[in-house]
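Asker: Okay, structure incoming, though there's no sequence with it:
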């Protein structure tokens, strides 16, 4: 056992060193726990480091109409654009807060996605709102910033239902001192549903630190990651055809991975066309079946915040601390 642990530690060290050069491609360490993983993650899977030397990357979103990736660097208050053959460029700066009296230090956007009209919708962390970008003049439309008259905390991640409803999480991560910040007007950290008609409905107020959010391929299940070191779980909720949410159950418990010394908590996630979750969490990217079984982990060697399918649908883009990493899989994301 000691030899195995030592070899694994050495492998992670070599992974970290090899990934220090932008554009490097190296064999990924994969912890395979179930044979079903072989149909999703190829045996020769590699990590491709596309961008490095950022601050803290989040919220990747693939724009199919343009063939490029957008992602947030929250401390830099910037949304970056990365495209094959062109590299990295600034898409929007400032992406979030623009005044000089912020309630926290994370001023930029976090989660990003595109609606049915190909408009960028943002979890505007710094401005404490959900907003849509008008790219004709790069102004934004506030979609939601208050619940029952009180300011939201700092919207973190979002997903859009085919009926136009936006589901989003609202933890306190954008506020200095988190729940203790006097600027925090709500006494809970919620998950919300913003209907296409503009009504803001509270889905749950019972989660300590709701974070990543995703829908199953049939849109009947809503997944919410809880980034609480004391209760690191992924929750699942039932979604009615009209968009209403009910129930609530632990879909996956990551606490055994934490107790085993794995670094990280459940954070961002994406879902493939077969309903498998690719969720960042302790150890890297956890691959979880629709039944909640942990099939294996793509080990990144660093704290990984989020994941998004792109290219032809079989590329998984990861925001991993200061890096953007691409992984080629043998499954595809929803809608590709």
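Answerer: Thanks, I have the structure now. Keep in mind that this is a model prediction, so the values were computed, not measured.
Asker: Now stretch 73-82: buried residues?
Answerer: Of all the residues in stretch 73-82, those buried under the rule 16 or more other C-beta atoms under 10 Å are 73-74, 76-82. (Glycine included, C-beta is placed from N, CA and C.)
Asker: so what's residue 233 bridging to?
Answerer: residue 226, residue 253 (DSSP bridges).
Asker: I'd guessed it sits against residue 250; true?
Answerer: Yes - applying C-beta atoms under 8 Å, one finds residue 233 in contact with residue 250, separated by 5.0 Å.
Asker: about what we covered before: tell me the one of the buried residues of stretch 73-82 nearest residue 202?
Answerer: residue 74 (25.0 Å; C-beta to C-beta).
Asker: I'd assumed residue 109 was in contact with that closest one.
Answerer: Yes - at 7.3 Å, residue 74 counts as touching residue 109 under the criterion of C-beta under 8 Å.
Asker: Residue nearest the middle of the chain, spatially speaking?
Answerer: Central residue of the chain (C-alpha atoms, centre = their mean): residue 268, 2.6 Å from the mean position.
Asker: Excluding residues flanking it in the chain, which one is nearest that one?
Answerer: Excluding its sequence neighbours, the residue lying closest to residue 268 (C-beta to C-beta, 6 or more residues apart in numbering) is residue 306, at 2.8 Å.
Asker: And the residue nearest to the centre of the chain, how far from residue 117?
Answerer: 24 Å (C-beta to C-beta, to the nearest Å).
Asker: beta partners of the residue nearest to residue 268?
Answerer: Here residue 306, judged by DSSP bridges, has bridge partners residue 319.
Asker: Then residue 87?
Answerer: residue 83.
Asker: and it, how far is that from residue 72?
Answerer: Counting by C-beta to C-beta, the separation of residue 87 from residue 72 is 18 Å.
Asker: who's more crowded, the two?
Answerer: Neighbour totals were compared for residue 87 and residue 72, and residue 72 leads with 34 against 12 (other C-beta atoms under 10 Å).
Asker: The more buried one: which element?
Answerer: strand 68-73 (DSSP states H and E).
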